[in-house]
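Novice: sequence-free structure coming up:
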């Protein structure tokens, strides 16, 4: 059981470039989430997906898009990266009714 | 009041002492609470869940929920240097069936030998 996996682990982009962060879980969870974490700001929810085929905005969705490809996979896309998107990105998954969320190892993204 | 607030810390305790981490919450959260541990450069790791009033013990960790006072705490007994990390408190949105959690900003704990 790998839990939640994320790729890549590190990425450096130039302003304006695009990229997709990949996330997959093997716990058969319905809900998946994308967070960013910045020093002093805590975890902030970008987008989430309560079930396959549905996605909703979180606190800080601007500049991002997501795709819930199937029950296992939830990707986050930056269409035109900006320095303000330099952050650590975490994917998580959970199952109702416990609401316990389990996190992937994270992607450290730097936008120059 | 923010939905979930943690005492800002940082907290520093000697090895072998009891570390007490606190979290207060508003009426906007549901009555389940989670404690996550996050080592520097790593992802949050769920270490305790508590769903009912009172204490829940797991090894050296005890979570305490006091609904009347709207606070939840995490006690770490016999603290070890390996417990040095940031501890995050989290709770679900009240009324939500989508699993969204409010996270506190975290309390940084240092256990010195």
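Specialist: On my side now, so go ahead. Since we're looking at a predicted model, the values are computed, not measured.

Novice: can you count the residues close to residue A:55?
Specialist: Per other Cβ atoms under 10 Å in any protein chain shown, the neighbour tally for residue A:55 reads 17. Backbone N, C-alpha and C define where each C-beta goes, glycine included.

Novice: And it, how far from residue B:83?
Specialist: 37 Å (Cβ to Cβ, to the nearest Å).

Novice: Next up, the contacts around the closest residue in space to residue B:60 that isn't next to it in sequence.
Specialist: Computed as Cβ to Cβ, 6 or more residues apart in numbering or on different chains, the closest residue to residue B:60 that is not its neighbour in sequence is residue B:77, at 4.7 Å. By Cβ atoms under 8 Å, 6 or more residues apart in numbering or on different chains, the residues touching residue B:77 are B:18, B:60, B:61, B:62.

Novice: Just the buried residues of these.
Specialist: Neighbour counting by 16 or more other Cβ atoms under 10 Å in any protein chain shown classes B:61, B:62 among the contacts of residue B:77 as buried.

Novice: Could you report the separation of residue A:74 from residue A:16?
Specialist: Residue A:74 is 25 Å from residue A:16, by Cβ to Cβ.

Novice: Correction: the previous question concerned residue B:13.
Specialist: Residue B:13 is 47 Å from residue A:16, by Cβ to Cβ.

Novice: Quick check on these two: which one has the bigger neighbour count.
Specialist: Between residue B:13 and residue A:16, counted using other Cβ under 10 Å, the more crowded position is residue B:13 (17 against 10).

Novice: shouldn't that one be in contact with residue B:19?
Specialist: Yes - between residue B:13 and residue B:19 there is a contact under Cβ atoms under 8 Å: 4.9 Å.

Novice: Could you tell me which residues touch both of these two?
Specialist: In contact with both residue B:13 and residue B:19: B:79, B:109, B:111, using Cβ under 8 Å, 6+ apart.

Novice: Pipe the residues you listed into JSON lines and attach secondary structure per row.
Specialist: Formatted as JSON lines, these follow (DSSP: H, G, I helix; E, B strand; the rest coil):
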{"residue": "B:79", "secondary structure": "coil"}
{"residue": "B:109", "secondary structure": "strand"}
{"residue": "B:111", "secondary structure": "strand"}
